[in-house]
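Asker: Kindly return the folded structure for what I paste below:
(2 chains)
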Amino acid sequence: KAGVTQTPRYLIKTRGQQVTLSCSPISGHRSVSWYQQTPGQGLQFLFEYFSETQRNKGNFPGRFSGRQFSNSRSEMNVSTLELGDSALYLCASSSGVGGQYFGPGTRLTVT
Amino acid sequence: DQQVKQNSPSLSVQEGRISILNCDYTNSMFDYFLWYKKYPAEGPTFLISISSIKDKNEDGRFTVFLNKSAKHLSLHIVPSQPGDSAVYFCAALPGYGGSQGNLIFGKGTKLSVKP
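Answerer: Numbers count the residues shown, from 1 in each chain, chains lettered A, B, ... in the order given. Next up is the predicted model:
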């Protein structure tokens, strides 16, 4: 079974721009979650999608949004980028049993 | 306000000995706990989990212990191997059986196993 894939792997953007990150879950997994990892805050939950609906949301501003498609693929969008948005963005999928399976992440650098 | 705390940012252990990684939590509503291992440039890999109805779960060299009264869990790796060198994250879920999407992570402990 192919693992969770994320594209792109690396991204450099300028303050004020917007960015869209993509995640393809493991086949059959309907839950997709997004996390932000920074050196200071560690891994923080952004949101979870299940069957195209946002099921849970973390404590992030409205500039962070996401969506899930009918094939369970998910995208995450960050608008009006700030320097503090520089981070590793991780996507994870789950079948609802056992742990979540993470992708390799997208390293976003905002300059 | 950190709900899941890993107070040791790093741990160094000799190959063949036991590694003990600790984790404390503050929210008594947490019902399910997981450990993840992360190598550089990779996403976290699920290792082992435990529900709050148990106090121990074992999988090969990995054992997780849960002390609910102390709101403390630990991961034991025996024997430790150099390939175990990685950052280990403790994570918690507010309820088992439902959504597993909103994990709350500790900040991680970097384990170094010396040959």
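
Asker: Tell me who's in contact with the most centrally placed residue in chain A.
Answerer: Residue closest to the average C-alpha location in chain A (CA atoms, centre = their mean): residue A:34, at 3.4 Å. Neighbouring residues of residue A:34 by CB atoms under 8 Å, 6 or more residues apart in numbering or on different chains: A:23, A:45-48, A:66, A:74, A:76, A:89-92. C-betas here are computed from N, CA, C, even on glycine.

Asker: Just the buried residues of the helix or strand hosting it, please?
Answerer: Take DSSP states H and E as the rule and residue A:34 turns out to sit in strand A:31-38. Using 16 or more other CB atoms under 10 Å in any protein chain shown as the test for burial, strand A:31-38 gives A:31-37.

Asker: same deal with stretch B:68-82?
Answerer: By neighbour count on 16+ other CB under 10 Å, the buried set for stretch B:68-82 is B:71, B:73-77, B:80.

Asker: Could you pick out the residues of chain B near chain A for me?
Answerer: Residues of chain B found near chain A, taking CB under 8 Å from any CB of the partner chain as the criterion, are B:34, B:36, B:41-47, B:49, B:89, B:91, B:99-108.

Asker: Can I have the buried ones of those residues as a PyMOL selection?
Answerer: Buried residues within the residues of chain B next to chain A, by 16+ other CB under 10 Å, are selected in PyMOL with:
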select buried, chain B and resi 34+36+43+44+46+47+49+89+91+99+100+101+102+103+104+105+106+107+108
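
Asker: and residue A:65, how many neighbours?
Answerer: Other residues within reach of residue A:65, judged by other CB atoms under 10 Å in any protein chain shown, total 17.

Asker: Can you verify my assumption that residue B:93 contacts residue B:105?
Answerer: No: the pair residue B:93 / residue B:105 is not scored as a contact, 10.8 Å apart, by CB atoms under 8 Å.

Asker: What ranges does chain A have for its strands?
Answerer: Assigned by DSSP state E, the strands in chain A fall at A:5-7, A:10-13, A:19-24, A:31-38, A:42-50, A:53-57, A:64-68, A:74-78, A:87-94, A:101-102, A:106-110.

Asker: thinking again about what came up before, out of the contacts of residue A:34, which touch chain B?
Answerer: A:45, A:48, A:90, A:92.

Asker: Which members of the residues you listed define the maximum pairwise distance?
Answerer: A:48 and A:90 (12.6 Å; CB to CB).

Asker: which stretches of chain B have low pLDDT?
Answerer: B:1, B:95-100 (pLDDT under 70).

Asker: what do you get if the cut-off is 90, keeping everything else the same?
Answerer: Confidence mapping of chain B against pLDDT under 90 gives the ranges B:1-2, B:27-32, B:40-42, B:46, B:51-52, B:93-104.

Asker: can you map out the helices along it?
Answerer: With DSSP state H, there are no helices along chain B.

Asker: Which parts of it are strands?
Answerer: Using DSSP E, the strands of chain B run over B:4-5, B:10-14, B:19-25, B:32-38, B:45-51, B:56-59, B:62-67, B:72-77, B:86-93, B:104-105, B:109-114.

Asker: for those strands, which one sits closest to residue A:60?
Answerer: strand B:104-105 (13.9 Å).

Asker: what's the offset of the closest one from the middle of its chain?
Answerer: 11 Å (CA atoms, centre = their mean, to the nearest Å).

Asker: hang on, isn't residue B:46 packed against residue A:100?
Answerer: Yes: under the criterion of CB under 8 Å, residue B:46 makes contact with residue A:100 at 6.6 Å.
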